[in-house]
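Asker: Need a 3D model of the following:
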Amino acid sequence: MAASFHTARAHSFNAAAAQYAANRPSYPPALFDTIEELAGRPLTGARVADIGAGTGIATALLHARGAEVLAVEPGDGMAEQFRRTHPHLPIIRGDGNDLPLLTDSTDLLTYAQSWHWTDPARAVPEACRVLRPGGALALWWNTYALDVPWIAGQVARVAEHFKDYGAHPAVEVNGNGARSAQADPTGRLDFTHRVVRWSRRVPVDTHLANIGSHSLFLVAGEAHTADFLTEERRILLQHFPDGTVEETYDVELLVALNT
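Answerer: Model prediction:
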């Protein structure tokens, strides 16, 4: 049951790809500076595969930094949205558990918000196979800054409203985080962990569409989700009466070299 629910959540994005593309947050330049520092090489000219690329938010940023980037995406809806939004960027179908890439073919593998959909027991060996010696694996998640009171309150409300759907306070709105043991339970990789804080200001409806594009909201049913979003909009307008929400994120980053 747990496995089938996890699969349903992983596939739920395909029906909401346009909503995802329009409302999900991007990533700050400082994140890519840090990736270059930890990988020990610039992104310019690097052969990069962005796995679980989704609608291409990270892929496009890697391309803009000068990387020779290839997107890998398993979902029909997400891949279609990717091609619509980024017709100039290459994309192939596949997932991190069985990469459709040659051995020793990449300088950098990236997983933006997508490593937790893999089976690390399969994905780690695949990453090591595809990376050249000295190449780097970079995993990251945009997570809400829980030291900001309104954000902590929202996370608690999500957990309460969706508790019958297996919600967990630190995961559903806040991402899976960057714990090394969770990323590679075998301990084969030696991850370095960094946190990059940034923020964006968006209309309240964009914020609600952003959180509504998370998998838990997508599988809980329209009525249950709509009830939460309606009440949440009322609460947010008390905090932000001008209708503009300042979202604060901590990007949790893990980088490991393929030695």
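Asker: CA atoms for contacts and neighbours, from now on please.
Answerer: Fine.
Asker: what about the helices in the stretch 1-150 of the chain?
Answerer: Remark: helices assigned in the stretch 1-150 of the chain by DSSP state H, counting those that start in this stretch are 2-12, 17-23, 29-39, 57-64, 76-85, 120-130, 149-161.
Asker: and the last one, what does it pack onto?
Answerer: If contacts are counted by 3 or more C-alpha pairs under 8 Å, 6 or more residues apart in numbering; DSSP states H and E, helix 149-161 sits against helix 222-239.
Asker: and the helix it packs on, which residues are buried?
Answerer: 225, 228, 229, 232, 236 (16 or more other C-alpha atoms under 10 Å).
Asker: How about stretch 81-95?
Answerer: 81, 82, 85, 86, 89, 91, 94, 95.
Asker: Pull the most distant pair out of those.
Answerer: Farthest pair in those (C-alpha to C-alpha) is 85 and 95. Separation: 20.4 Å.
Asker: Can you say which of the helices of the stretch 1-150 of the chain is nearest to residue 252?
Answerer: helix 29-39 (9.4 Å).
Asker: now the angle between helix 57-64 and the closest one, please.
Answerer: Orientation check (axes from the mean of the first three to the mean of the last three C-alpha atoms, to 10 degrees): helix 29-39 against helix 57-64 gives 70 degrees.
Asker: on contacts alone, who are the packing partners of helix 29-39?
Answerer: strand 131-144, strand 192-203, strand 244-257.
Asker: Just the CA atoms of it, as CSV, please.
Answerer: Provided in CSV are the C-alpha atoms of helix 29-39 (Å, rounded to 0.1, in the frame of the first residue of the first chain):
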residue,chain,number,x,y,z
PRO,A,29,22.6,32.0,-8.5
ALA,A,30,24.4,31.3,-5.3
LEU,A,31,23.3,27.6,-5.4
PHE,A,32,25.1,27.1,-8.7
ASP,A,33,28.2,29.0,-7.4
THR,A,34,28.2,26.5,-4.5
ILE,A,35,27.8,23.5,-6.8
GLU,A,36,30.8,24.7,-8.8
GLU,A,37,32.8,25.1,-5.7
LEU,A,38,32.0,21.6,-4.3
ALA,A,39,32.3,19.9,-7.7
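Asker: which parts of it are buried?
Answerer: Quick answer for helix 29-39 (16+ other C-alpha under 10 Å): 31, 32, 34, 35, 36, 38, 39.
Asker: average pLDDT across that helix?
Answerer: In this model, helix 29-39 has a mean pLDDT of 98.
Asker: looking at the helices and strands packed on helix 29-39, which is buried most?
Answerer: Sort the helices and strands packed on helix 29-39 by mean neighbour count, taking mean count of other C-alpha atoms under 10 Å, and strand 131-144 sits at the top with a mean of 23.
Asker: what does that strand rub up against?
Answerer: Residues outside strand 131-144 that contact it (C-alpha atoms under 8 Å, 6 or more residues apart in numbering): 27, 35, 39, 103-113, 115, 127, 151, 173-178, 247-259.
Asker: chain center to stretch 213-225: distance?
Answerer: 18 Å (C-alpha atoms, centre = their mean, to the nearest Å).
Asker: Show the pLDDT at residue 219.
Answerer: For residue 219, the model assigns a pLDDT of 72.
Asker: Low-confidence stretches in the stretch 151-259 of the chain?
Answerer: 166-181 (pLDDT under 70).
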